[in-house]
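**Student:** okay, predicted coordinates and the sequence, questions at the end:
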Amino acid sequence: MKLVYYLPSLEAPGGLERIITFKAGYFAEQGNDVTILTSELGDRKPYFPLSPKVKHIDLGIAFDYPYNQSHFTKLLKYPFRYRCFQKRFTKTLRKLSPDITISTLRRELNFINKINDGSIKIGEFHVTRHAYGAETLASGNPVLKWLKVQWNKKFVHNLSQLKQVILLTHEEAGFWPELSNISVIPNPIITPLNKKSDGKEKSVIAVGRYAPQKGFDRLIDSWALVIREHPDWMLRIYGDGFLRTELQTQIERLGLTEKCQLEHTVNNIADRYSESSIFVLSSRYEGFGMVITEAMGCGVPPVSFTCPCGPRDIINDGINGLLVEDGNIEDMAEKISFLIENVDRRLLMGQQAYEDAQKYKMENIAKQWEELFQSITKKDDV
């Protein structure tokens, strides 16, 4: 089968870039003809190495690069750049003539359904509708709110024209009552998991960017409550980002310097999971929450806020982990303390987490994708 994935760039170390690179490589290794199409990578290298079996084409349309350009310059050049983008995108798809084109629902969504290259168009939604444009709606600006409403109507219409829209969770599917072309396929575990925690280390782990979305400020407040009763335990948060200084200041203000450490991103995160006994997700929102399944795959039971979307789909409360009322700092502290104090329950949940995580292995998720590809191409032939 001939597949084309589109996303704007491959330069960032983000979840979208990581998952598309991994899936493209997997399907190429299985004998499919796979091309990743980008628009603004230019001569910069992908952050995650591409499989030699994956083809890559960049359209050379720098909407955002250089990143220090003024908003005025960006706005002034946008119409020209957009026309070039649409023209080159269309020309490239017609030349490649894939069986299926997979959109990540960016600018291309405005015209992809009209391209007569013979391919079936589907989309992957890697964030949650709950948080899409949340900053605009929270601003209180009536003009921005009106523009957001109009954009949303157009966005939903464009989604409805795709053959299928792939969402990551069943919870997310419930946020799109207007659409009848939805399928749910979760993200696979893409971190090599060759080590398993014994659940006995006095160590708690969290992983993610130091950004507001990840809610590490909430976790640190909660940890301050945990450490009052369990001063011999350590929390390590692995990541990088612009909030590092602010989070470190919070840690010092709460007197947690010796009991909470901000660690840099590491390549061998599975090793860090295996050295921990509890994983915590404190996010305000997620598209899926791959770090939950990664931790579970190392036998580490998760404790997570019930943020949209992911935790409710992944965690069976009280069986393979614990769910916490979203934003309830005290409840989070109590659930973490429960696992600290009840070693047997912690070990049982860790084992169940490990077993449940197996369904997120790539070979299992790939079967769902292959079934989808076969079903939509068969329907298209009828």
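**Tutor:** Right, received. Where do you want to start?
**Student:** now do the same contact list for residue 59.
**Tutor:** 37-40, 85, 88-89, 92 (CB atoms under 8 Å, 6 or more residues apart in numbering). From N, CA and C alone the C-beta is placed, and that goes for glycine too.
**Student:** sketch out the low-pLDDT regions of the protein for me.
**Tutor:** For the chain, applying pLDDT under 70 flags the ranges 132-140, 379-382.
**Student:** which helix runs longest in it?
**Tutor:** helix 71-96 (DSSP state H).
**Student:** which residues belonging to the helix or strand following it are considered buried?
**Tutor:** Going down the chain from helix 71-96, the next helix or strand is strand 100-103, by DSSP states H and E. With burial defined by 16 or more other CB atoms under 10 Å, the residues of strand 100-103 counted as buried are 100-103.
**Student:** columns distance to residue 129 on top of these, output as a markdown table?
**Tutor:** Converted to a markdown table, the buried residues of strand 100-103 look like this (distance: CB to CB, whole Å):
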| residue | distance to residue 129 |
| --- | --- |
| 100 | 24 |
| 101 | 23 |
| 102 | 19 |
| 103 | 16 |
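**Student:** between the residues you listed, which is closest to residue 321?
**Tutor:** Using CB to CB, residue 102 is the member of these that lies nearest residue 321, at 31.1 Å.
**Student:** for that closest one, give me its contacts.
**Tutor:** Neighbour list for residue 102: 3-6, 122-124 [criterion: CB under 8 Å, 6+ apart].
**Student:** so how far does stretch 112-127 reach from one end to the other?
**Tutor:** Taking CA to CA, to the nearest Å, the first and last residues of stretch 112-127 lie 20 Å apart.
**Student:** what residues does it touch?
**Tutor:** Residues contacting stretch 112-127 (CB under 8 Å, 6+ apart): 4, 15-16, 19, 89-90, 93-94, 96-105, 109, 158-159, 161-168, 172, 287-288, 372, 376-377, 380.
**Student:** and if you look at stretch 350-367?
**Tutor:** Under the criterion CB under 8 Å, 6+ apart, residues 22-23, 26-27, 30, 185-190, 193, 196-197, 199, 277, 293, 295-302, 316, 319-321 lie in contact with stretch 350-367.
**Student:** of the residues you listed, which belong to strands?
**Tutor:** residue 302 (DSSP state E).
**Student:** from the contacts of stretch 350-367, which would you call buried?
**Tutor:** Buried among those (16+ other CB under 10 Å): 22-23, 26-27, 185-190, 193, 196-197, 199, 277, 293, 295-302, 320-321.
**Student:** could you pull out the helices for the stretch 151-300 of the chain?
**Tutor:** Here the stretch 151-300 of the chain has its helices, by DSSP state H, counting those that start in this stretch, at 170-173, 216-229, 244-253, 269-274, 290-297.
**Student:** can you check which of these gets nearest to residue 327?
**Tutor:** Here helix 216-229 is closest among those (CB to CB), at 6.9 Å.
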